[in-house]
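>>> Sharing a sequence plus its predicted fold:
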Amino acid sequence: MGSCGRWGDLVAERKASDLFVECLETEGVKYVFGIPGEETLDLNESLDGSSIAFVPVRHEQGGAYMADMYGRLTQRAGVCLGTLGPGATNLVTGVADAFLDHAPLVALTGQADLERMHKESHQHIDVVSMLRPVTKWNARLSASQIIPEVVRKAFKVAQAQKPGATHIELPEDVMGEQVTGEPLPAPLRSSRVEPSDRELLRAAEVIRAAANPIVLAGNGVARNRAAPALREFARTTGIGVAETFMGKGALDFEDPHALGTVGHVSMLRRTQAGPFGLEAAISLDKLTELAMARDLEQALLPLTAGLDDIPALPVTPGQARLLRQGRKLAGIAAKPGLHLATDRSVPVALVECSEGELRVVRGFNL
């Protein structure tokens, strides 16, 4: 027996797992990363007869990370598979990573028969509830008739802005049922949201009105392949660009407009000494290399450039520690004005002396 499809053709009855794989093919899936289990044997058998390559891994977490990276690089949802119980729990870290990093991913997990879920059963845990905090959407496939709708929604939600992880739980008895039906059509390409002319004009007004504008570039720049446009924007306007963890690499670290990664020790240190116009940038990787070579003075040269005419003021290690903390020092015998505080010839901070008190103008916190 069969039923008529959208175009009037007879759709033959087949296993639900076959229809599920047809839906994956319609979504453009080329690979499924994971480990098969008893509860996913129907799915794996259907995959074996399809155009989709099943890539076995040594650990489900590795499969989730592979799907995560596939999604991040292609902007098409990567697919990972694990069986019930420990197979599903092993996927969680990789799924959570995709969720936090906004990488499109669809996780598939096997599950016990529906009739076993109301009682204590071998390796049965509530995977849907477990994955709810680290997915944009997840669902249990409770009937074979809803396969096309569930698969289409999982991929649509995973790939919509902001992308992330979704999850479908596949009970063993449902995947083994006989079913008619056909995949729902997937869009040829995902739509991109673009700002209106009014929004662009408003952004330009805000930038022009800013005293010290700065760009904070995040994951959206990478996802939308906007790094070349951002680099040209920074070059044209002269506006500095700081990056989030997921925005790293939008600008070359040697680009004069690169301010580094916000909140990360490997960022480019860019300092500006207020009205004195001191401006310098140095990679901490290079600083570390020089420091290991015990050439701290050379390492600090980029930070102290332009301060040759400022007199040095030797301080004790204890005083240097307080200055690095931004603390004031009292009872200092020094002429009023700017000084370069040094600890055993190593610059500590640019300080200003007034009435015997030192105030930090710019610290060199290396």
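Nice, I can see it.
>>> Can you tell me the closest non-neighbouring residue to Gly176?
Leaving aside its sequence neighbours, Gly176 sits nearest to Asp42 (CB to CB, 6 or more residues apart in numbering; 5.1 Å). For glycine as for every other residue, the C-beta is placed from the backbone atoms N, C-alpha and C.
>>> Secondary structure element for the one you found, which one?
helix 41-48 (DSSP states H and E).
>>> likewise Tyr65?
helix 60-74.
>>> Contacts for that helix next, please.
31, 33-35, 55, 57, 76-82, 87-88, 90-91, 93-95, 97-98, 101, 103-107, 158, 163 (CB atoms under 8 Å, 6 or more residues apart in numbering).
>>> Let me see the ranges of the strands in the stretch 201-350 of the chain.
Along the stretch 201-350 of the chain, counting by DSSP state E, counting those that start in this stretch, strands occupy 214-217, 240-243, 258-261, 268-272, 279-283, 312-314, 329-330, 337-343, 346-354.
>>> name the helices or strands packed onto the shortest one?
Okay, so that is strand 329-330. helix 317-324, strand 357-363 (3 or more CB pairs under 8 Å, 6 or more residues apart in numbering; DSSP states H and E).
>>> Distance from that strand to the middle of the chain?
Chain-centre distance of strand 329-330: 45 Å, with CA atoms, centre = their mean, to the nearest Å.
>>> mind starting the numbering at 56 from now?
All set: I'll call the first residue 56, so the last point we hit is now strand 384-385.
>>> Give the pairing partners of that strand; include direction for each.
strand 412-418 (antiparallel) (DSSP bridges).
>>> in the strand it pairs with, what counts as buried?
By neighbour count on 16 or more other CB atoms under 10 Å, the buried set for strand 412-418 is Leu413, Val415, Val416, Arg417, Gly418.
>>> looking only at pLDDT, what's the mean for it?
Mean per-residue pLDDT for strand 412-418: 82.
>>> likewise stretch 373-388?
Throughout stretch 373-388, pLDDT has a mean value of 83.
>>> could you dump it to PDB, C-alpha only?
In PDB, the C-alpha atoms belonging to stretch 373-388 read as follows (Å, rounded to 0.1, in the frame of the first residue of the first chain):
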ATOM      1  CA  GLY A 373      57.600  46.900  47.400                       C
ATOM      2  CA  GLN A 374      56.800  50.300  45.900                       C
ATOM      3  CA  ALA A 375      56.800  48.800  42.400                       C
ATOM      4  CA  ARG A 376      54.200  46.300  43.500                       C
ATOM      5  CA  LEU A 377      52.000  49.000  44.900                       C
ATOM      6  CA  LEU A 378      52.300  51.100  41.700                       C
ATOM      7  CA  ARG A 379      51.400  48.100  39.600                       C
ATOM      8  CA  GLN A 380      48.200  47.800  41.600                       C
ATOM      9  CA  GLY A 381      47.500  51.500  40.800                       C
ATOM     10  CA  ARG A 382      48.100  52.600  44.400                       C
ATOM     11  CA  LYS A 383      49.400  56.100  45.300                       C
ATOM     12  CA  LEU A 384      52.700  56.500  47.100                       C
ATOM     13  CA  ALA A 385      53.300  59.200  49.700                       C
ATOM     14  CA  GLY A 386      56.500  60.700  51.100                       C
ATOM     15  CA  ILE A 387      58.500  60.500  47.800                       C
ATOM     16  CA  ALA A 388      61.300  62.900  47.400                       C
END
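>>> hey, C-alpha coordinates of the helix holding Asp97 in CSV?
C-alpha atoms of helix 96-103 as CSV (Å, rounded to 0.1, in the frame of the first residue of the first chain):
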residue,chain,number,x,y,z
LEU,A,96,20.6,0.0,14.0
ASP,A,97,17.6,0.8,11.8
LEU,A,98,19.0,4.4,11.2
ASN,A,99,22.5,3.1,10.5
GLU,A,100,21.2,0.5,8.0
SER,A,101,19.2,3.2,6.2
LEU,A,102,22.3,5.5,6.2
ASP,A,103,24.3,2.6,4.6
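>>> Quick one: list the elements packing against it.
helix 71-81, strand 108-111, helix 227-230.
>>> what's the least confident helix or strand in the protein, going by average pLDDT?
strand 334-338 (a mean of 38; mean pLDDT, DSSP states H and E).
>>> where's the nearest residue to Ala388 once chain neighbours are set aside relative to Val161, distance?
By the measure of CB to CB, 6+ apart, the closest residue to Ala388 outside its immediate chain neighbours is Gly411, 7.2 Å from it. Separation of Gly411 from Val161 (CB to CB, to the nearest Å) stands at 68 Å.
>>> Please identify which of those two sits among more neighbours.
Remark: of Gly411 and Val161, Val161 carries more neighbours, 29 against 12, as counted by other CB atoms under 10 Å.
>>> For the stretch 256-405 of the chain, give me the ranges with low pLDDT.
318-363 (pLDDT under 70).
>>> Hmm, Leu139 and Ala167 touching each other?
Yes - judged on CB atoms under 8 Å, Ala167 makes contact with Leu139 at a distance of 6.0 Å.
>>> how close does the spatially closest residue to Gly418 that is not a sequence neighbour get to Thr397?
In this structure, Gly418 finds its nearest non-sequential neighbour in Ala404, 4.5 Å apart by CB to CB, 6+ apart. From Ala404 across to Thr397, the span is 9 Å (CB to CB).
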